[in-house]
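Visitor: sequence-free structure coming up:
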(Lines give C-alpha, C1' and ligand atoms only; values in the text may rest on other atoms or scores of the structure.)
Protein backbone atom coordinates (compact mmCIF):
# COMPACT_ATOMS: atom_id res chain seq x y z
CA UNK A 1 0.00 0.00 0.00
CA UNK A 2 2.81 2.40 0.86
CA UNK A 3 4.55 1.69 -2.49
CA UNK A 4 1.39 2.55 -4.50
CA UNK A 5 0.90 5.69 -2.52
CA UNK A 6 4.41 6.91 -3.35
CA UNK A 7 3.86 6.24 -7.07
CA UNK A 8 0.64 8.22 -7.08
CA UNK A 9 2.35 11.15 -5.36
CA UNK A 10 5.15 11.44 -8.05
CA UNK A 11 2.73 11.24 -11.00
CA UNK A 12 1.72 14.96 -10.99
CA UNK A 13 5.39 16.04 -11.06
CA UNK A 14 6.09 13.93 -14.13
CA UNK A 15 3.12 15.42 -15.93
CA UNK A 16 4.24 18.98 -15.17
CA UNK A 17 7.75 18.25 -16.51
CA UNK A 18 6.33 16.80 -19.75
CA UNK A 19 4.10 19.83 -20.25
CA UNK A 20 7.02 22.24 -19.88
CA UNK A 21 9.09 20.27 -22.38
CA UNK A 22 6.30 20.38 -24.95
CA UNK A 23 5.87 24.12 -24.58
CA UNK A 24 9.60 24.68 -25.15
CA UNK A 25 9.55 22.51 -28.29
CA UNK A 26 6.55 24.38 -29.72
CA UNK A 27 8.19 27.73 -29.03
CA UNK A 28 11.34 26.63 -30.80
CA UNK A 29 9.37 25.53 -33.86
CA UNK A 30 7.49 28.82 -34.00
CA UNK A 31 10.75 30.80 -33.87
CA UNK A 32 12.28 28.77 -36.74
CA UNK A 33 9.35 29.25 -39.11
CA UNK A 34 8.71 32.92 -38.30
CA UNK A 35 12.24 34.44 -39.19
CA UNK A 36 13.42 34.63 -42.88
CA UNK A 37 17.25 34.61 -43.68
CA UNK A 38 18.68 38.02 -44.87
CA UNK A 39 20.57 38.59 -48.24
CA UNK A 40 24.30 37.67 -48.35
CA UNK A 41 26.73 40.58 -47.80
CA UNK A 42 28.25 42.26 -50.89
CA UNK A 43 31.89 41.37 -51.61
CA UNK A 44 34.30 44.10 -50.63
CA UNK A 45 36.95 45.44 -53.02
CA UNK A 46 39.55 48.18 -52.72
CA UNK A 47 39.75 50.60 -55.64
CA UNK A 48 41.66 53.71 -56.66
CA UNK A 49 40.36 56.52 -58.84
CA UNK A 50 42.45 56.96 -61.98
CA UNK A 51 43.88 60.43 -62.59
CA UNK A 52 45.68 61.71 -65.68
CA UNK A 53 49.13 63.11 -64.97
CA UNK A 54 52.15 64.62 -66.69
CA UNK A 55 54.84 61.97 -67.20
CA UNK A 56 58.32 62.19 -68.64
CA UNK A 57 58.80 59.12 -70.83
CA UNK A 58 62.35 57.82 -71.10
CA UNK A 59 64.09 54.87 -72.65
CA UNK A 60 67.13 53.08 -71.25
CA UNK A 61 69.74 52.09 -73.82
CA UNK A 62 72.95 50.08 -73.35
CA UNK A 63 76.25 51.41 -74.61
CA UNK A 64 79.96 51.86 -74.02
CA UNK A 65 82.22 54.78 -73.41
CA UNK A 66 84.85 55.95 -75.88
CA UNK A 67 87.47 58.70 -75.58
CA UNK A 68 86.68 62.19 -76.80
CA UNK A 69 89.97 62.30 -78.73
CA UNK A 70 92.58 59.61 -79.38
CA UNK A 71 96.16 60.08 -80.62
CA UNK A 72 98.50 57.18 -81.35
CA UNK A 73 102.13 58.26 -81.00
CA UNK A 74 104.40 57.11 -83.86
CA UNK A 75 107.89 58.26 -84.85
CA UNK A 76 108.30 60.27 -88.05
CA UNK A 77 112.03 59.55 -88.48
CA UNK A 78 114.25 56.51 -88.04
CA UNK A 79 116.51 56.33 -85.04
CA UNK A 80 117.31 55.11 -81.55
CA UNK A 81 115.19 56.14 -78.57
CA UNK A 82 117.52 57.97 -76.21
CA UNK A 83 115.03 58.58 -73.42
CA UNK A 84 111.36 58.28 -72.48
CA UNK A 85 110.30 61.50 -70.78
CA UNK A 86 106.85 60.73 -69.34
CA UNK A 87 105.31 58.55 -66.65
CA UNK A 88 102.97 55.87 -67.92
CA UNK A 89 99.34 56.48 -66.96
CA UNK A 90 99.87 60.18 -66.25
CA UNK A 91 98.19 63.23 -67.74
CA UNK A 92 100.18 65.02 -70.43
CA UNK A 93 99.71 68.38 -72.11
CA UNK A 94 99.74 69.13 -75.82
CA UNK A 95 103.32 69.88 -76.93
CA UNK A 96 104.93 68.00 -74.04
CA UNK A 97 108.12 66.08 -74.92
CA UNK A 98 107.49 62.32 -74.75
CA UNK A 99 110.49 60.65 -76.45
CA UNK A 100 113.90 61.85 -77.54
CA UNK A 101 115.37 60.16 -80.63
CA UNK A 102 119.12 60.40 -81.24
CA UNK A 103 119.46 63.74 -83.12
CA UNK A 104 123.12 63.44 -84.17
CA UNK A 105 122.67 62.19 -87.78
CA UNK A 106 119.90 64.71 -88.41
CA UNK A 107 122.01 67.54 -87.06
CA UNK A 108 124.77 66.52 -89.50
CA UNK A 109 122.30 66.46 -92.37
CA UNK A 110 121.10 69.95 -91.44
CA UNK A 111 124.67 71.30 -91.28
CA UNK A 112 125.49 69.73 -94.66
CA UNK A 113 122.44 71.29 -96.28
CA UNK A 114 123.31 74.67 -94.86
CA UNK A 115 126.85 74.37 -96.24
CA UNK A 116 125.60 73.45 -99.68
CA UNK A 117 123.26 76.42 -99.59
CA UNK A 118 126.14 78.70 -98.72
CA UNK A 119 128.19 77.29 -101.59
CA UNK A 120 125.38 77.89 -104.05
CA UNK A 121 124.94 81.44 -102.86
CA UNK A 122 128.70 82.06 -103.19
CA UNK A 123 128.73 80.93 -106.82
CA UNK A 124 125.89 83.18 -107.88
CA UNK A 125 127.75 86.60 -108.01
CA UNK A 126 130.54 85.42 -110.33
CA UNK A 127 128.08 83.72 -112.67
CA UNK A 128 125.91 86.85 -112.76
CA UNK A 129 128.96 89.09 -113.56
CA UNK A 130 130.02 86.77 -116.39
CA UNK A 131 126.58 87.02 -117.92
CA UNK A 132 126.68 90.82 -117.70
CA UNK A 133 130.09 91.03 -119.42
CA UNK A 134 128.92 88.70 -122.17
CA UNK A 135 125.95 90.95 -122.70
CA UNK A 136 128.22 94.03 -123.19
CA UNK A 137 130.53 92.13 -125.53
CA UNK A 138 127.60 90.86 -127.51
CA UNK A 139 126.82 94.42 -128.71
CA UNK A 140 130.35 94.68 -130.14
CA UNK A 141 130.03 91.15 -131.53
CA UNK A 142 133.06 90.14 -129.46
CA UNK A 143 131.31 86.95 -128.26
CA UNK A 144 128.83 84.74 -129.96
CA UNK A 145 125.15 84.70 -129.14
CA UNK A 146 125.47 81.13 -127.90
CA UNK A 147 128.06 82.08 -125.29
CA UNK A 148 125.81 84.78 -123.95
CA UNK A 149 122.81 82.42 -123.80
CA UNK A 150 124.91 79.88 -121.88
CA UNK A 151 126.01 82.53 -119.38
CA UNK A 152 122.42 83.74 -118.83
CA UNK A 153 121.21 80.14 -118.33
CA UNK A 154 123.98 79.59 -115.79
CA UNK A 155 122.62 82.51 -113.73
CA UNK A 156 119.13 81.00 -113.67
CA UNK A 157 120.59 77.61 -112.77
CA UNK A 158 122.54 79.08 -109.86
CA UNK A 159 119.39 80.75 -108.53
CA UNK A 160 117.46 77.48 -108.79
CA UNK A 161 120.25 75.64 -106.98
CA UNK A 162 120.01 78.16 -104.12
CA UNK A 163 116.27 77.51 -103.84
CA UNK A 164 116.86 73.76 -103.87
CA UNK A 165 119.29 73.88 -101.00
CA UNK A 166 116.94 76.15 -99.10
CA UNK A 167 114.35 73.38 -99.21
CA UNK A 168 116.97 70.82 -98.20
CA UNK A 169 117.88 72.94 -95.19
CA UNK A 170 114.19 73.19 -94.24
CA UNK A 171 113.71 69.42 -94.65
CA UNK A 172 116.78 68.70 -92.52
CA UNK A 173 115.52 71.13 -89.89
CA UNK A 174 112.10 69.43 -89.83
CA UNK A 175 113.65 65.97 -89.51
CA UNK A 176 115.80 67.22 -86.68
CA UNK A 177 112.66 68.52 -84.98
CA UNK A 178 111.01 65.12 -85.42
CA UNK A 179 113.64 63.62 -83.13
CA UNK A 180 111.63 65.24 -80.33
CA UNK A 181 108.39 63.23 -80.18
CA UNK A 182 105.76 65.61 -78.77
CA UNK A 183 102.22 65.03 -77.49
CA UNK A 184 99.73 66.17 -80.15
CA UNK A 185 96.80 66.48 -77.70
CA UNK A 186 96.24 66.80 -73.98
CA UNK A 187 94.98 63.73 -72.16
CA UNK A 188 96.01 60.60 -70.30
CA UNK A 189 98.80 58.54 -71.82
CA UNK A 190 98.91 54.78 -71.57
CA UNK A 191 101.78 52.36 -71.38
CA UNK A 192 104.84 52.71 -73.59
CA UNK A 193 105.57 49.95 -76.10
CA UNK A 194 109.30 50.80 -76.29
CA UNK A 195 112.07 51.51 -73.83
CA UNK A 196 115.27 53.51 -73.96
CA UNK A 197 117.64 52.22 -76.65
CA UNK A 198 114.90 50.78 -78.86
CA UNK A 199 115.16 51.19 -82.62
CA UNK A 200 112.14 52.83 -84.24
CA UNK A 201 111.27 53.50 -87.85
CA UNK A 202 109.31 56.30 -89.41
CA UNK A 203 105.54 55.76 -89.47
CA UNK A 204 105.82 52.22 -88.13
CA UNK A 205 102.65 50.15 -87.67
CA UNK A 206 103.04 49.75 -83.91
CA UNK A 207 102.44 52.92 -81.91
CA UNK A 208 104.85 54.01 -79.20
CA UNK A 209 101.99 55.01 -76.86
CA UNK A 210 98.38 56.22 -76.97
CA UNK A 211 96.95 59.44 -75.55
CA UNK A 212 93.22 59.61 -74.81
CA UNK A 213 91.24 62.67 -73.79
CA UNK A 214 88.80 61.56 -71.09
CA UNK A 215 87.12 64.85 -70.17
CA UNK A 216 84.62 65.04 -71.69
CA UNK A 217 83.99 61.47 -72.83
CA UNK A 218 81.69 59.92 -75.41
CA UNK A 219 78.96 57.40 -74.63
CA UNK A 220 77.83 55.51 -77.73
CA UNK A 221 74.53 53.65 -77.37
CA UNK A 222 72.44 51.76 -79.91
CA UNK A 223 68.71 52.09 -80.50
CA UNK A 224 66.37 50.10 -82.69
CA UNK A 225 65.16 51.84 -85.82
CA UNK A 226 61.64 50.56 -85.03
CA UNK A 227 61.76 52.52 -81.75
CA UNK A 228 62.75 55.63 -83.70
CA UNK A 229 59.75 55.25 -86.00
CA UNK A 230 57.42 54.76 -83.03
CA UNK A 231 58.80 57.85 -81.31
CA UNK A 232 58.39 60.01 -84.43
CA UNK A 233 54.84 58.76 -84.90
CA UNK A 234 53.92 59.60 -81.29
CA UNK A 235 55.37 63.10 -81.67
CA UNK A 236 53.46 63.68 -84.91
CA UNK A 237 50.14 62.49 -83.47
CA UNK A 238 50.52 64.61 -80.33
CA UNK A 239 50.68 61.73 -77.86
CA UNK A 240 54.12 63.02 -76.88
CA UNK A 241 55.52 66.54 -76.84
CA UNK A 242 59.18 67.48 -77.09
CA UNK A 243 60.78 69.14 -74.07
CA UNK A 244 63.10 71.56 -75.89
CA UNK A 245 66.60 71.78 -74.42
CA UNK A 246 65.71 69.43 -71.56
CA UNK A 247 65.08 66.73 -74.14
CA UNK A 248 68.81 66.65 -74.91
CA UNK A 249 69.77 65.93 -71.31
CA UNK A 250 70.77 62.32 -70.70
CA UNK A 251 71.22 60.49 -67.40
CA UNK A 252 73.95 57.85 -67.14
CA UNK A 253 73.74 54.64 -65.10
CA UNK A 254 77.01 52.90 -64.29
CA UNK A 255 77.49 49.17 -64.78
CA UNK A 256 76.90 48.51 -61.06
CA UNK A 257 73.48 50.17 -61.32
CA UNK A 258 74.37 53.44 -59.57
CA UNK A 259 73.61 56.77 -61.17
CA UNK A 260 76.45 58.92 -62.49
CA UNK A 261 76.41 62.28 -60.75
CA UNK A 262 76.74 64.40 -63.93
CA UNK A 263 74.35 64.51 -66.86
CA UNK A 264 75.35 64.28 -70.50
CA UNK A 265 74.10 66.00 -73.62
CA UNK A 266 72.75 64.26 -76.70
CA UNK A 267 75.12 65.18 -79.53
CA UNK A 268 73.74 63.45 -82.61
CA UNK A 269 71.99 60.36 -83.96
CA UNK A 270 73.70 58.32 -86.65
CA UNK A 271 72.19 58.75 -90.11
CA UNK A 272 72.79 55.13 -91.17
CA UNK A 273 71.07 52.03 -89.80
CA UNK A 274 73.23 48.94 -89.40
CA UNK A 275 71.67 46.35 -91.76
CA UNK A 276 72.94 43.47 -89.62
CA UNK A 277 71.30 44.60 -86.37
CA UNK A 278 68.59 47.03 -87.51
CA UNK A 279 69.85 49.66 -85.08
CA UNK A 280 71.68 52.96 -85.23
CA UNK A 281 74.14 54.72 -82.94
CA UNK A 282 73.33 57.61 -80.62
CA UNK A 283 76.33 59.59 -79.33
CA UNK A 284 76.27 61.41 -75.98
CA UNK A 285 78.88 63.79 -74.56
CA UNK A 286 79.34 63.39 -70.81
CA UNK A 287 81.52 65.54 -68.49
CA UNK A 288 84.17 63.42 -66.78
CA UNK A 289 86.30 65.70 -64.58
CA UNK A 290 87.23 62.95 -62.08
CA UNK A 291 87.96 60.40 -64.83
CA UNK A 292 85.47 57.99 -63.27
CA UNK A 293 84.35 56.89 -66.73
CA UNK A 294 87.05 55.00 -68.61
CA UNK A 295 87.05 54.04 -72.31
CA UNK A 296 85.30 50.77 -73.00
CA UNK A 297 83.18 50.84 -69.83
CA UNK A 298 79.63 49.47 -70.10
CA UNK A 299 76.93 51.99 -69.11
CA UNK A 300 73.24 52.58 -69.66
CA UNK A 301 71.87 55.90 -70.89
CA UNK A 302 68.41 57.15 -69.92
CA UNK A 303 67.25 59.25 -72.87
CA UNK A 304 64.08 61.30 -72.80
CA UNK A 305 61.55 60.42 -75.48
CA UNK A 306 59.08 63.18 -74.69
CA UNK A 307 56.38 64.37 -72.29
CA UNK A 308 52.96 62.70 -72.05
CA UNK A 309 50.69 65.45 -70.73
CA UNK A 310 47.66 63.18 -70.02
CA UNK A 311 49.25 59.86 -69.13
CA UNK A 312 47.28 57.11 -67.37
CA UNK A 313 49.33 55.20 -64.79
CA UNK A 314 47.77 52.28 -62.92
CA UNK A 315 49.13 49.94 -60.26
CA UNK A 316 50.45 46.67 -61.66
CA UNK A 317 48.53 44.70 -59.04
CA UNK A 318 45.29 45.83 -60.66
CA UNK A 319 46.20 44.39 -64.08
CA UNK A 320 46.13 40.70 -65.00
CA UNK A 321 46.16 38.57 -68.16
CA UNK A 322 43.43 36.47 -69.70
CA UNK A 323 43.84 33.15 -71.48
CA UNK A 324 44.77 34.98 -74.70
CA UNK A 325 47.53 36.90 -72.97
CA UNK A 326 45.67 40.20 -73.19
CA UNK A 327 45.98 42.70 -70.35
CA UNK A 328 42.68 43.10 -68.48
CA UNK A 329 41.48 45.07 -65.48
CA UNK A 330 38.29 45.30 -63.42
CA UNK A 331 36.64 48.66 -62.73
CA UNK A 332 33.63 49.70 -60.65
CA UNK A 333 31.01 51.63 -62.62
CA UNK A 334 28.61 54.30 -61.35
CA UNK A 335 26.16 51.64 -60.12
CA UNK A 336 28.87 49.89 -58.05
CA UNK A 337 28.98 46.94 -60.42
CA UNK A 338 32.12 45.27 -61.75
CA UNK A 339 33.08 45.83 -65.38
CA UNK A 340 35.99 44.22 -67.22
CA UNK A 341 38.25 46.22 -69.55
CA UNK A 342 40.84 45.08 -72.09
CA UNK A 343 43.93 47.30 -71.88
CA UNK A 344 46.74 48.31 -74.18
CA UNK A 345 49.95 48.72 -72.19
CA UNK A 346 52.91 50.81 -73.31
CA UNK A 347 55.55 50.11 -70.67
CA UNK A 348 56.21 49.72 -66.97
CA UNK A 349 57.19 52.81 -64.98
CA UNK A 350 58.32 51.77 -61.51
CA UNK A 351 55.57 49.47 -60.21
CA UNK A 352 52.90 50.95 -62.45
CA UNK A 353 51.73 50.36 -66.01
CA UNK A 354 51.43 53.14 -68.56
CA UNK A 355 48.05 52.52 -70.23
CA UNK A 356 47.46 53.84 -73.75
CA UNK A 357 43.86 52.61 -74.14
CA UNK A 358 41.15 50.85 -72.15
CA UNK A 359 40.97 53.18 -69.16
CA UNK A 360 40.20 56.86 -68.70
CA UNK A 361 40.58 59.40 -65.94
CA UNK A 362 37.95 59.29 -63.20
CA UNK A 363 37.27 55.54 -63.36
CA UNK A 364 37.69 53.37 -60.28
CA UNK A 365 40.18 50.54 -60.73
CA UNK A 366 39.94 47.48 -58.46
CA UNK A 367 43.36 46.69 -57.01
CA UNK A 368 42.41 44.35 -54.12
CA UNK A 369 39.73 41.68 -53.96
CA UNK A 370 39.90 40.87 -57.68
CA UNK A 371 39.63 37.11 -57.09
CA UNK A 372 36.31 37.47 -55.25
CA UNK A 373 34.34 39.23 -57.97
CA UNK A 374 33.24 38.70 -61.56
CA UNK A 375 32.02 41.13 -64.21
CA UNK A 376 28.49 42.28 -63.53
CA UNK A 377 28.56 41.60 -59.77
CA UNK A 378 27.60 44.40 -57.35
CA UNK A 379 30.36 45.20 -54.87
CA UNK A 380 31.07 47.45 -51.95
CA UNK A 381 34.12 49.69 -52.35
CA UNK A 382 36.30 50.09 -49.27
CA UNK A 383 39.33 52.35 -48.80
CA UNK A 384 42.69 51.08 -49.97
CA UNK A 385 45.12 50.66 -47.10
CA UNK A 386 48.10 53.04 -47.53
CA UNK A 387 47.66 53.82 -51.25
CA UNK A 388 50.75 56.06 -51.28
CA UNK A 389 53.20 53.35 -50.24
CA UNK A 390 56.13 53.06 -52.63
CA UNK A 391 55.33 56.33 -54.39
CA UNK A 392 59.00 57.29 -54.53
CA UNK A 393 59.93 54.21 -56.55
CA UNK A 394 56.81 54.57 -58.69
CA UNK A 395 57.54 58.12 -59.84
CA UNK A 396 61.26 57.99 -60.43
CA UNK A 397 60.71 58.99 -64.06
CA UNK A 398 57.74 61.29 -63.46
CA UNK A 399 58.22 65.01 -63.68
CA UNK A 400 55.59 65.72 -61.01
CA UNK A 401 54.26 63.31 -58.43
CA UNK A 402 50.48 63.81 -58.39
CA UNK A 403 48.41 62.65 -55.42
CA UNK A 404 46.83 59.24 -55.89
CA UNK A 405 43.05 59.57 -55.71
CA UNK A 406 41.20 56.92 -53.73
CA UNK A 407 37.86 56.54 -52.01
CA UNK A 408 37.86 58.98 -49.02
CA UNK A 409 38.91 57.46 -45.70
CA UNK A 410 37.60 58.69 -42.36
CA UNK A 411 40.82 58.79 -40.39
CA UNK A 412 39.01 59.12 -37.10
CA UNK A 413 37.00 55.96 -37.76
CA UNK A 414 40.09 54.07 -38.83
CA UNK A 415 41.96 55.04 -35.70
CA UNK A 416 39.09 54.14 -33.41
CA UNK A 417 38.04 50.86 -35.06
CA UNK A 418 40.97 48.45 -35.49
CA UNK A 419 38.94 46.30 -37.86
CA UNK A 420 38.60 49.17 -40.36
CA UNK A 421 42.30 49.03 -41.32
CA UNK A 422 42.07 45.33 -42.00
CA UNK A 423 39.15 45.50 -44.41
CA UNK A 424 41.26 46.00 -47.57
CA UNK A 425 43.41 43.04 -46.57
CA UNK A 426 40.24 40.91 -46.30
CA UNK A 427 39.25 42.13 -49.77
CA UNK A 428 42.22 40.29 -51.20
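Guide: In hand now; what should we look at? These numbers come from a predicted model, not from an experiment.
Visitor: who does the helix or strand harbouring residue 65 pair up with?
Guide: Following DSSP states H and E, one finds residue 65 within strand 52-73. As defined by DSSP bridges, the strand partners of strand 52-73 come to strand 209-224 (antiparallel), strand 298-315 (antiparallel).
Visitor: CSV for these, including distance to residue 141, mean neighbour count and mean pLDDT?
Guide: Just so you know, the C-beta spots here come from the backbone N, C-alpha and C atoms, and that holds for glycine as well. Converted to CSV, the strands paired with strand 52-73 look like this (distance: least, C-beta to C-beta, whole Å; neighbours: other C-beta atoms under 10 Å; pLDDT from 0 to 100):
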stretch, distance to residue 141, mean neighbour count, mean pLDDT
strand 209-224, 72, 20, 93
strand 298-315, 91, 19, 88
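Visitor: from residue 345, how far off is the residue nearest in space to the middle of the chain?
Guide: Centroid-nearest residue in the chain, with C-alpha atoms, centre = their mean: residue 301, separated by 0.6 Å. Distance, residue 301 to residue 345, using C-beta to C-beta, to the nearest Å: 24 Å.
Visitor: next one: residue 318
Guide: 12 Å.
Visitor: of those two, give the one with the bigger neighbour count.
Guide: Just comparing residue 318 and residue 345: by other C-beta atoms under 10 Å the higher neighbour count belongs to residue 318, 22 against 16.
Visitor: show me this structure divided up by domain.
Guide: 44-55+309-411+423-427, 58-67+214-308, 75-102+179-206, 103-177 (automatic domain parsing).
Visitor: so how far is the second one from its chain's centroid?
Guide: In this view, domain 58-67+214-308 has its centroid 5 Å away from the chain centroid, taken as C-alpha atoms, centre = their mean, to the nearest Å.
Visitor: find the nearest non-adjacent residue to residue 264, please.
Guide: residue 286 (3.6 Å; C-beta to C-beta, 6 or more residues apart in numbering).
Visitor: how far away is the one you found from residue 69?
Guide: From residue 286 to residue 69 the distance is 14 Å (C-beta to C-beta).
Visitor: again, but for residue 334
Guide: Counting by C-beta to C-beta, the gap from residue 334 to residue 69 is 65 Å.
Visitor: more neighbours: the two, which one.
Guide: Set residue 334 next to residue 69 and count neighbours by other C-beta under 10 Å: residue 69 wins out with 14 against 7.
Visitor: nearest residue to the more buried one in space, please, no chain neighbours.
Guide: Residue 69's closest residue in space is residue 213 (C-beta to C-beta, 6+ apart), at 4.1 Å.
Visitor: if I read this right, that neighbour contacts residue 185, doesn't it?
Guide: Yes: using C-beta atoms under 8 Å, residue 213 makes contact with residue 185 at a distance of 6.0 Å.
Visitor: for this structure, what's the longest helix?
Guide: helix 104-139 (DSSP state H).
Visitor: next SSE after that one?
Guide: The first helix or strand that comes after helix 104-139 along the chain, using DSSP H and E, is helix 145-178.
Visitor: which other helices and strands does that next one contact?
Guide: helix 104-139 (3 or more C-beta pairs under 8 Å, 6 or more residues apart in numbering; DSSP states H and E).
Visitor: helix or strand right after the strand holding residue 65?
Guide: Taking DSSP H and E, what comes next after strand 52-73 is strand 79-84.
Visitor: mind giving me the packing neighbours of that following strand?
Guide: Looks like strand 79-84 contacts strand 97-101, strand 199-200 (3+ C-beta pairs under 8 Å, 6+ apart).
Visitor: single out the most deeply packed of these.
Guide: Mean neighbour count (mean count of other C-beta atoms under 10 Å) peaks for strand 97-101 among those, with a mean of 19.
Visitor: can you give me the neighbour number for the residue nearest to residue 264?
Guide: The burial count for residue 286: 23, using other C-beta under 10 Å.
Visitor: show me what contacts it?
Guide: 65, 216-219, 250, 252, 260, 262-265, 293 (C-beta atoms under 8 Å, 6 or more residues apart in numbering).
Visitor: thinking again about what came up before, just checking, the residue nearest to the centre of the chain touches residue 264?
Guide: Yes: proximity of residue 301 to residue 264 meets the contact threshold set by C-beta under 8 Å, at 7.4 Å.
Visitor: for the two, list the residues in contact with both.
Guide: Jointly contacting residue 301 and residue 264 under the rule C-beta under 8 Å, 6+ apart are 219, 250-252, 284.
Visitor: farthest pair within those?
Guide: 219 and 251 (10.9 Å; C-beta to C-beta).
Visitor: shared neighbours, these two?
Guide: What both residue 219 and residue 251 touch, as defined by C-beta under 8 Å, 6+ apart, is the set 264, 301.
Visitor: which stretches of this protein have low pLDDT?
Guide: Along the chain, the parts satisfying pLDDT under 70 run over 1-38, 237-247, 385-428.
Visitor: try 50 this time
Guide: Within the chain, the stretches with pLDDT under 50 are 1-11, 26-30, 32, 34, 386-428.
Visitor: what about the closest residue to residue 299 other than its chain neighbours, neighbour count?
Guide: Leaving aside its sequence neighbours, residue 299 sits nearest to residue 252 (C-beta to C-beta, 6+ apart; 5.5 Å). Residue 252: 21 surrounding residues under other C-beta under 10 Å.
Visitor: ok, now which ones touch residue 252?
Guide: 219, 259-260, 262-264, 284, 286, 293, 299-302.
Visitor: if we use 10 Å, what do you get?
Guide: 63, 65, 219, 258-264, 284, 286, 293, 299-302 (C-beta atoms under 10 Å, 6 or more residues apart in numbering).
Visitor: quick one: common contacting residues for residue 213 and residue 185?
Guide: Listed as contacting both residue 213 and residue 185 by C-beta under 10 Å, 6+ apart are 67-71, 94.
Visitor: and stretch 199-211, end to end?
Guide: Start-to-end span of stretch 199-211 (C-alpha to C-alpha, to the nearest Å) is 21 Å.
Visitor: residue 327 and residue 365, how far apart?
Guide: From residue 327 to residue 365 the distance is 12 Å (C-beta to C-beta).
Visitor: give me the common contacts of the two.
Guide: 319, 341, 355.
Visitor: one step back: quick check: the residue nearest to residue 69 touching residue 285?
Guide: No: when contacts are counted by C-beta atoms under 10 Å, residue 213 is not listed as touching residue 285 (11.8 Å).
Visitor: centre of the chain to stretch 347-359, how far?
Guide: On C-alpha atoms, centre = their mean, the centre of stretch 347-359 falls 21 Å from that of its chain.
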